[in-house]
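> Got a sequence here, can you build the structure:
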Amino acid sequence: MLNISGINEGYVLDHIKAGRSMSIYKDLKLEQLDCPVAIIKNAKSSKMGKKDMIKVECPINALDLDILGFIDHNITVNIIQNDKIVEKKELHLPKQIINVIKCKNPRCITSIEQELDHIFILTDKEKEIYRCKYCEEQQKKKHRKS
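Predicted coordinates for the structure are as follows:
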């Protein structure tokens, strides 16, 4: 039987599509945090068949949940404090994302000014379309395969 201990303070990211936990680990830059991280792949799920989970023991302000909302807003985020779930956070597509995707327009100022942040604004929630803040280049949210 697999046994992963509980966490005192941090997050449990649940209902991740099976096989997606490693890409989420990289997208959230969890390797840069000096804290315990547990990745559970292909766990049984009555709702999804199989799912992945990530447990992160860290201060609750250490993760950028906007990035997570952009990656997959169906993930459940359980916020843990004092060994108890204190909040289940619903994710939404963020109105603005910074340095998550890069503008592909070669004439955009971000191509010339390398240190400039890549800022995208959500312009169509239904179609999940973002536009570059500087040149308005359209970028559809990528639906990654599991």
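
> After the helix or strand bottoming out on mean pLDDT in the chain, heading C-terminal, what element do we hit next?
Within the chain, no helix or strand scores below helix 65-71, which has a mean of 82 by mean pLDDT, DSSP states H and E. Following helix 65-71 in sequence order, the next helix or strand is strand 76-81 (DSSP states H and E).

> in its sheet, what does that following strand sit against?
If you go by DSSP bridges, strand 76-81 pairs up with strand 10-17 (antiparallel), strand 84-89 (antiparallel).

> nearest to residue 53, of those strands?
Nearest to residue 53, of all the strands paired with strand 76-81, is strand 10-17, at 5.3 Å by Cβ to Cβ. From N, CA and C alone the C-beta is placed, and that goes for glycine too.

> For that closest one, output the C-alpha coordinates as PDB.
Backbone C-alpha positions of strand 10-17 (Å, rounded to 0.1, in the frame of the first residue of the first chain) are rendered in PDB as follows:
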ATOM      1  CA  GLY A  10       0.500  23.900   1.600                       C
ATOM      2  CA  TYR A  11      -1.500  22.500  -1.300                       C
ATOM      3  CA  VAL A  12      -3.000  19.300  -2.600                       C
ATOM      4  CA  LEU A  13      -3.600  19.600  -6.300                       C
ATOM      5  CA  ASP A  14      -6.300  17.000  -7.100                       C
ATOM      6  CA  HIS A  15      -8.100  15.900 -10.300                       C
ATOM      7  CA  ILE A  16      -5.200  16.400 -12.600                       C
ATOM      8  CA  LYS A  17      -5.600  14.500 -15.800                       C
END
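
> Show me what counts as buried in it.
Of the residues in strand 10-17, 10-14, 16-17 count as buried by neighbour count, 16 or more other Cβ atoms under 10 Å.
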